[in-house]
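following is a predicted model, sequence given first.
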Amino acid sequence: MTADTQKQAAGEAAAELVEAGMIVGLGTGSTAAWFVKALAARGLDIKGVPTSDATADLARELGIAIVGLDDVKRVDLTVDGADEIGPGLSLIKGGGAALLREKLVWEASSRCVVIADAAKRVKALGRFPLPIEVVRFGHVHTGQRLADIAAEFDLPPPRLRKSERGLVITDGGNLIYDMASGRIEQPAALGEALKSVTGVVDHGLFLDLADEALIGTDEGVVRLHP
Ligand code: 5RP
């Protein structure tokens, strides 16, 4: 089974959790896209809250009614992918630069389900560089403060994310620094330190947020709890 087939199986399993009438958080990325497609195929009367412009476009294309986060009091269920799934369903997210809207929607959700292929499971977070979203103004100074924090945690300085088209700009108009580490020993402490920096909007550590994981494996979809 390829990683993409595993992602598809996880996305389709998650779509079965949705019931008519629900407000559903729609994640971002290739795994979340499988979920959105499977959800649309069920034809349920639901409303989706997209976590990125890309997901909003996909949902619209597939005929899913979408609303903004502030149009609803609460999201019943959010389904989203992850870059890494560590102990206790701690996560690294933001590989697709959507971490801010994702975290806002997750935090407004009664239930959050993370979906992924088997390779996303790790013993300790950190193999995937941790995305940190920063405002553009003064970002070089912010980047220096991030490097200072990285040094305190014995990590190399974060790097500004660029693509072949130049700097990566998030849907919120911000920039992303990626903090490569190998292994994050104290995710909660690192997360707190990063949030204390003026200029940091948020980071991709999602701790104590996932209620459940659906992982596509060669043996079928495995369900995990924290
Ligand atoms: C986007 C994310 C994605 O969920 C994460 O990057 C996983 O992507 P994929 O499902 O394509 O592997 O956090 O910001």
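Right, received. Where do you want to start? Numbers count the residues shown, from 1 in each chain.

any idea which element Ala193 lies in?
helix 187-195 (DSSP states H and E).

ok, Ser110 - contacts?
Ser110 is in contact with 74-77, counting by C-beta atoms under 8 Å, 6 or more residues apart in numbering. Yep, even glycine has a C-beta here, placed from its N, CA and C like the rest.

same check, this time on Val221
Per C-beta under 8 Å, 6+ apart, neighbours of Val221: 9-10, 13, 214-215.

let's see that with 10 Å instead.
6, 9-14, 16, 115, 213-215 (C-beta atoms under 10 Å, 6 or more residues apart in numbering).

so what's it scoring on pLDDT?
Here, the pLDDT recorded for Val221 equals 98.

residues contacting the nearest residue to it once chain neighbours are set aside?
Counting by C-beta to C-beta, 6 or more residues apart in numbering, Ala13 is the residue found nearest to Val221 once chain neighbours are left out, at 4.4 Å. The neighbourhood of Ala13, defined by C-beta under 10 Å, 6+ apart, consists of 34-35, 38, 79, 113, 115, 214-216, 220-223.

out of these, which are inside helices?
34-35, 38 (DSSP state H).

against the ligand, how distant is the closest residue in space to Lys162 that isn't next to it in sequence?
With C-beta to C-beta, 6+ apart as the criterion, Lys162 has its nearest non-adjacent residue at 6.4 Å, and that residue is Val168. Distance of Val168 to the ligand, given as C-beta to the nearest ligand atom, to the nearest Å: 11 Å.

and what of Val75?
Using C-beta to the nearest ligand atom, Val75 is found at 16 Å from the ligand.

then Gln8?
The value you get for Gln8 to the ligand, if C-beta to the nearest ligand atom is used, is 11 Å.

isn't that residue right next to Thr2, touching?
Yes: look at Gln8 against Thr2 with C-beta atoms under 10 Å: they come within range, at 9.3 Å.

quick one, the helix or strand harbouring His141 and helix 187-195 angle?
Per DSSP H and E: His141 is located in helix 139-152. With axes from the mean of the first three to the mean of the last three C-alpha atoms, to 10 degrees as the basis, helix 139-152 and helix 187-195 are set at 150 degrees to each other.
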